[in-house]
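Undergrad: After the sequence you'll find the predicted model.
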Amino acid sequence: MIILEGKFLKVDRLKTINKITVATKEEINKLTEIQLIGVSGFFAFSGDQIKKQVEDGMKNTNLGVDDNGKSPSQKFRGLCFQIALENNIDAEEYYLQEMKKIQDHYKKKLI
């Protein structure tokens, strides 16, 4: 993941896409530039006070970890596997299906 501080400048509306221009004062070395070119991803812009909290949360790999060392996603995976076993269905497939539902739910909130 690459996090850059920047400023949203403009949108050029083309026939099939919107071209977004962003400016940053941060140094972008050649390796980072190569990693970014042609890669699909997500933009997150925050101009308010929660910016630091959001960045820290994205970097914090222990966020939500309980006393047993399990993250919320690990607990969710365990629940999915338990449900799949009880219903005699493929556990991996069920887990992927449920994760897709969650992702779709939150993608709708972005639009």
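TA: All right, it came through fine. Residues are numbered from 1 along each chain as shown.
Undergrad: what ranges do the helices span in this structure?
TA: Applying DSSP state H to the chain gives helices spanning 30-36, 51-59, 72-86, 91-110.
Undergrad: Going by mean pLDDT, which of those helices comes out lowest?
TA: Note on these: lowest mean pLDDT is at helix 51-59, with a mean of 66.
Undergrad: end to end, how far does stretch 11-25 reach?
TA: By Cα to Cα, to the nearest Å, the extent of stretch 11-25 from end to end equals 19 Å.
Undergrad: quick one: Ala23 from Tyr95, how far?
TA: 41 Å (Cβ to Cβ, to the nearest Å). All C-beta atoms are positioned from the backbone trio N, CA, C, and that covers glycine.
Undergrad: again, but for Asp66
TA: Relative to Tyr95, and taking Cβ to Cβ, Asp66 is found at 20 Å.
Undergrad: When these two are compared, which one has more neighbours?
TA: Taking other Cβ atoms under 10 Å, Asp66 and Tyr95 do not tie; Tyr95 has more neighbours (18 against 10).
Undergrad: Nearest residue to that one in space, please, no chain neighbours.
TA: Among residues not flanking Tyr95 along the chain, Cys80 sits closest, at 4.2 Å (Cβ to Cβ, 6 or more residues apart in numbering).
Undergrad: tell me the phi and psi of Glu26?
TA: When read as degrees, to the nearest 10, the backbone of Glu26 gives phi -70, psi 150.
Undergrad: How about the contacts made by the spatially most central residue of the chain?
TA: In the chain, the centroid-proximal residue (Cα atoms, centre = their mean) is Phe42; its distance is 7.0 Å. Residues counted as contacts of Phe42 (Cβ atoms under 8 Å, 6 or more residues apart in numbering): none.
Undergrad: any idea how far Ile20 is from the residue lying farthest from the centre of the chain?
TA: Distance from the centre of the chain peaks at Asn88, with 31.4 Å (Cα atoms, centre = their mean). With distances taken as Cβ to Cβ, Asn88 is found 48 Å from Ile20.
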